[in-house]
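Asks: just need the structure, nothing else, for what follows:
(one chain, ligands or ions: 1)
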Amino acid sequence: MDIFHEIKPLKAFLREKNKADARVGLVPTMGALHAGHLSLIEIAKDQGCLTVCSIFVNPAQFNNPEDLKKYPRTLEADVALLEKAGCDVLFFPSVEEMYATKNVITFDFGHLDKTMEGEFRLGHFSGVALVVSKLFHIVHPAHAFFGQKDWQQFTIIKQLVKDLNFDLQLHAVPTLREEDGLAMSSRNQRLNTEQRKKALIFYKTLLEAQQQLHAGKTMSDIEKSAKRNIEQDPECKLEYLRLAHRENLTALSNVEESDTAVLCIAGFIGDVRLIDNILL
Ligand code: PAF
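Replies: Numbers count the residues shown, from 1 in each chain. Predicted coordinates:
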């Protein structure tokens with residue numbers, strides 16, 4: 001695997017590959033890689049892509065400095081996993097390399113970045129859009145792969161690609177789950193054994209909510225009772241449980257309102273913030 005820390009040599013390398021008609025597939029990550037990330041690499045390879053994985057813990061998308069500080073960083077293990085997965089290129093830039101000048105651009109996606117995560121993480125999606133735009137400009141991928149676990153992020157990146165005419169195909173790859181159902185996430189590494197067990201509450205709540213919706217209950221009742229249930233444990237906190245239209249993220253109150261809905265949840269176990277969703 002070729003490893004680049006700087007933009008210029010990576011661009012020169014990819015220019016040569018493009019002359020040889022390589023189709024570049026980008027897998028943007030913040031590292032602390034797990035099987036979910038590796039499934040993105042595998043799908044990129046299945047598409048016949050020259051696979052570029054980026055690892056960059058992007059300060060611009062963290063609204064909480066503690067969260068940024070505590071985000072797991074496991075470069076050595078990540079490199080070993082990428083080598084094993086057959087990834088072709090790793091781009092691992094420093095903050096100074098990615099933000100050589102202080103950024104002044106902010107993004108506003110209208111309703112898409114004001115709902116759900118947007119209510120709780122001000123400026124988060126502007127930071128995501130900024131770094132993803134930078135990565136698209138640096139790597140010029142023909143394909144880019146993102147996890148379905150971050151459904152709102154994927155929806156916003158789809159809008160970004162449309163609005164800025166990025167010439168690439170986006171792929172949302174289904175969430176991989178641990179055996180008990182917990183969605184794989186880099187943040188799971190920060191949970192202790194007890195918290196790891198408690199974290200399952202979010203996926204369980206999604207499944208219960210799905211059943212309750214099909215039984216005719218409305219979202220506001222479901223969210224209220226989920227909050228009561230989750231917050232019985234003082235270490236657990238529900239930020240939101242929402243039903244939304246999959247494409248435009250409009251809030252829905254029941255399943256009859258749309259046949260393409262996504263049920264999204266976010267909350268804390270201790271100081272670890274987790275999100276999950278299921279497509280209905
Ligand atoms: O989903 C993530 O890991 C990040 O938000 C991304 C897309 C790599 C941008 O920093």
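Asks: keeping just the C-alphas, turn stretch 265-280 into PDB.
Replies: Provided in PDB are the C-alpha atoms of stretch 265-280 (Å, rounded to 0.1, in the frame of the first residue of the first chain):
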ATOM      1  CA  ILE A 265     -31.600   7.500  16.800                       C
ATOM      2  CA  ALA A 266     -28.800   9.300  18.700                       C
ATOM      3  CA  GLY A 267     -27.700   9.400  22.300                       C
ATOM      4  CA  PHE A 268     -25.000   9.000  24.900                       C
ATOM      5  CA  ILE A 269     -23.700   6.100  26.900                       C
ATOM      6  CA  GLY A 270     -21.600   7.900  29.500                       C
ATOM      7  CA  ASP A 271     -19.700  10.500  27.400                       C
ATOM      8  CA  VAL A 272     -19.700   8.400  24.200                       C
ATOM      9  CA  ARG A 273     -22.100   9.700  21.600                       C
ATOM     10  CA  LEU A 274     -23.600   7.000  19.400                       C
ATOM     11  CA  ILE A 275     -26.000   7.100  16.400                       C
ATOM     12  CA  ASP A 276     -27.800   4.400  14.500                       C
ATOM     13  CA  ASN A 277     -30.700   4.100  12.000                       C
ATOM     14  CA  ILE A 278     -32.800   1.600  10.100                       C
ATOM     15  CA  LEU A 279     -34.400   2.000   6.700                       C
ATOM     16  CA  LEU A 280     -38.100   1.200   6.800                       C
END
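Asks: in that stretch, what's buried?
Replies: Buried residues in stretch 265-280, counted by 16 or more other Cβ atoms under 10 Å: 265-269, 272-278, 280. All C-beta atoms are positioned from the backbone trio N, CA, C, and that covers glycine.
Asks: show me which of those is closest to Lys162.
Replies: Distance to Lys162, by Cβ to Cβ, is smallest for Asn277 among the buried residues of stretch 265-280, at 21.8 Å.
Asks: who does that closest one bridge with?
Replies: Taking DSSP bridges as the rule, Asn277 bridges to Cys264.
Asks: what lies in contact with stretch 155-162?
Replies: Residues outside stretch 155-162 that contact it (Cβ atoms under 8 Å, 6 or more residues apart in numbering) are 107, 109, 112-113, 125, 128-129, 132-133, 136, 144, 146, 166, 168, 170, 246-247, 249.
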